[in-house]
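Asker: I need the structure of the sequence given here:
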Amino acid sequence: MDTIRVLLVDDALDFLAALKERLSTEAGWEIVAEARDGPEAIALAGEHHPDIVLMDIFMPGLNGVEATRRIVEALPHVKVIMLTASDQDESLLAAAQAGAHGYIVKGADKAEIVRVVQAAQQGEWLWGASIARKVLNLLIQKQGPPANKPPLPGLTAREMDALKLIAQGYNNDEIAARMFISPHTVRNHITSIFGKLQVRDRAQAIIRARDAGL
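Answerer: Here you go, the predicted structure:
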């Protein structure tokens, strides 16, 4: 199994130290660096090219949302996960728009952190239902009404089924349960869908699905 390289970002030193201690013992994980503010996070991401950034959403000066935006623009392969005090925080919507892949509520146990990080590694977005609906609505509003409904070239019937579920906001495990297939098969379908539609992520796939009338 490949090592998951993680950058930790938080201005609260006690929390940062506790988080590092909890995650350092996870097999296959490497904490490559720690940052205490947005500019340092951007610099260290550029230096270390981590797989995952765990990013505090509120920091003085350059906040976590703007730091996320800049990291994702410069390093599209990096998956950023927000650290937040509450899953009701409206800033999470801005973080999703900035390119974050999900969030972890501070105080979550290690198993939850591992679950969210592993999902991000597989290209999934993990957001609460209310945040996910808002993000999908914003994507639709941003695109405006479709001029024509372009075909979805070369998709098999099962790939079409998977794409419809992606467009409805389901994650890989939920898609697997609804299609009665394994998560591994779902990932294969999604990789094929992205390749055929020439999109790089779920957001672009959702826009294509919507424009095609799904």
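
Asker: Could you break the chain into its assigned domains?
Answerer: Structurally, the chain divides into domains by automatic domain parsing as follows: 4-131, 145-211.

Asker: just to confirm, which helix or strand has the closest residue to residue 154 other than its chain neighbours in it?
Answerer: Closest residue to residue 154 in three dimensions, ignoring its sequence neighbours and counting by Cβ to Cβ, 6 or more residues apart in numbering: residue 196, at 4.8 Å. Placement of C-beta: from N, CA and C, glycine included. Here residue 196, judged by DSSP states H and E, is contained in helix 183-197.

Asker: same check, this time on residue 5
Answerer: In this assignment (DSSP H and E), residue 5 forms part of strand 4-9.

Asker: What's the first helix or strand after that strand?
Answerer: On the C-terminal side of strand 4-9, the closest following helix or strand by DSSP H and E is helix 13-24.

Asker: what helices or strands is that following helix leaning on?
Answerer: Where contact means 3 or more Cβ pairs under 8 Å, 6 or more residues apart in numbering; DSSP states H and E, helix 13-24 is packed against strand 4-9, strand 29-35, helix 110-121.

Asker: Redo those as JSON lines? Include distance to residue 55.
Answerer: Supplementary listing: these in JSON lines, determined by distance: least, Cβ to Cβ, whole Å:
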{"stretch": "strand 4-9", "distance to residue 55": "5"}
{"stretch": "strand 29-35", "distance to residue 55": "9"}
{"stretch": "helix 110-121", "distance to residue 55": "12"}
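
Asker: out of these, deepest packed?
Answerer: Each of the helices and strands packed on helix 13-24 was assessed for mean neighbour count using mean count of other Cβ atoms under 10 Å. The highest is strand 4-9, with a mean of 24.

Asker: who does that one pair up with?
Answerer: The partner list of strand 4-9 in its sheet, established with DSSP bridges, is strand 29-35 (parallel), strand 52-56 (parallel).

Asker: Output the lowest mean pLDDT helix or strand found in this protein.
Answerer: Using mean pLDDT, DSSP states H and E, the weakest-scoring helix or strand in the chain turns out to be helix 129-143, at a mean of 63.

Asker: any low-confidence regions in this protein?
Answerer: Scanning the chain for pLDDT under 70 picks out 1, 88-89, 128-151, 214.

Asker: And the very next helix or strand once past the helix holding residue 196, what does it pack against?
Answerer: Using DSSP H and E, the helix or strand that directly follows helix 183-197 along the chain is helix 202-211. With contacts taken as 3+ Cβ pairs under 8 Å, 6+ apart, helix 202-211 sits against helix 129-143, helix 157-167, helix 183-197.

Asker: and the last one, which residues are buried?
Answerer: With burial defined by 16 or more other Cβ atoms under 10 Å, the residues of helix 183-197 counted as buried are 183, 185, 186, 187, 189, 190, 192, 193, 194, 197.
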